[in-house]
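>>> Below is the structure, and that's it, no one-letter string:
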């Protein structure tokens, strides 16, 4: 925890609305007009979020994805995964109400997932922390595309409604069912998934160890072209605010 100002610009924002997307996912809506560096039409951009701790202290920044941005209203949605009081941001988000203030940085200049109109097939793999980015990517896909999502969550109650202009199918992987079958259900799904012929864009985000295993599997065993694979560790067990940027 620190009151020192980070080496990038921060913007004070206020909670405009709150919505529970699932038992452990909360959507917070803010005025996003302060983010002049936000690139319209580019899903999965992310920024750092800082919450107040009292006594003029702020939390360390945590990386969060832009879930959606409405250009007409300038409203920006942030989906925060709630994992109890184990971290200051999660604890704050659990209790956040309309009118509460916090701070966000500009979006990271290298963040985002570019949609190539010529690509027809997409495979998306992710856990709860990746669902905001997955939702944003799906909504940005063209109507002629086909997308299959493999989403790992704790229980069926954590499923979210996914929508896309593209033809969409989803496979939900529940840790309560996979505890014995596989310690890494997303890796098992990547091993058995049908990869369409031709150019298929594959996007992966989850716990860093599992992402590394999936990256190795797809590149070395399944022969995926590295140019078609975007794989990022969004978090790492036992480490605060881990996010690698390797694609």
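Ah, there it is. From a predicted model like this one, the values you see are computed outputs, not experimental measurements. Numbers count the residues shown, from 1 in each chain.

>>> Can you spell out the domain ranges of this structure, please?
Residue ranges for the structural domains of the chain, counted by automatic domain parsing, are given in the record as 10-105, 121-235.

>>> Same list (the ones you listed) but as a markdown table, adding distance to residue 112.
Just so you know, the C-beta spots here come from the backbone N, C-alpha and C atoms, and that holds for glycine as well. Below are the domains of the chain laid out as a markdown table (distance: least, C-beta to C-beta, whole Å):
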| stretch | distance to residue 112 |
| --- | --- |
| domain 10-105 | 4 |
| domain 121-235 | 9 |
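
>>> Identify whichever of those lies nearest to residue 115.
Shortest distance between residue 115 and the domains of the chain, using C-beta to C-beta, is found for domain 121-235: 5.4 Å.

>>> Rounded mean pLDDT for that closest one, please.
Mean pLDDT, computed over domain 121-235, is 93.

>>> those strands in the protein, which residues are they?
For the chain, strands defined by DSSP state E occupy the ranges 10-14, 17-22, 25-31, 46-50, 52-54, 57-58, 62-70, 75-81, 101-105, 121-127, 146-153, 167-174, 200-207, 229-235.

>>> between those strands, which one is nearest to residue 189?
Residue 189 sits nearest to strand 146-153 of all the strands of the chain, at 4.4 Å, using C-beta to C-beta.

>>> partners of the closest one, with directions?
Strand 146-153 has these partner strands in its sheet, going by DSSP bridges: strand 121-127 (parallel), strand 167-174 (parallel).

>>> and of the ones you listed, who's closest to residue 209?
Nearest of these to residue 209, taken as C-beta to C-beta: strand 121-127 at 11.9 Å.

>>> quick one, the closest one and strand 229-235 angle?
Strand 121-127 and strand 229-235 are oriented at 10 degrees to each other (axes from the mean of the first three to the mean of the last three C-alpha atoms, to 10 degrees).

>>> and the angle from strand 121-127 to strand 200-207?
Using the same axes, to 10 degrees: strand 121-127 against strand 200-207 is 0 degrees.

>>> Tell me the gap between strand 121-127 and the middle of its chain.
Using C-alpha atoms, centre = their mean, to the nearest Å, we find the averaged C-alpha position of strand 121-127 to lie 12 Å away from the chain's own average C-alpha position.

>>> what's the distance between residue 105 and residue 36?
Distance of residue 105 to residue 36, given as C-beta to C-beta, to the nearest Å: 12 Å.

>>> Among those two, which residue is more densely surrounded?
Legend: neighbour count by other C-beta atoms under 10 Å for residue 105 and residue 36, higher for residue 105 (20 against 9).

>>> got a list of what the closest residue to that one other than its chain neighbours touches?
Counting by C-beta to C-beta, 6 or more residues apart in numbering, residue 105 lies nearest to residue 48, which is 4.2 Å off, once chain neighbours are set aside. Listed by C-beta atoms under 8 Å, 6 or more residues apart in numbering, the contact partners of residue 48 are 6, 8, 61-64, 104-105.
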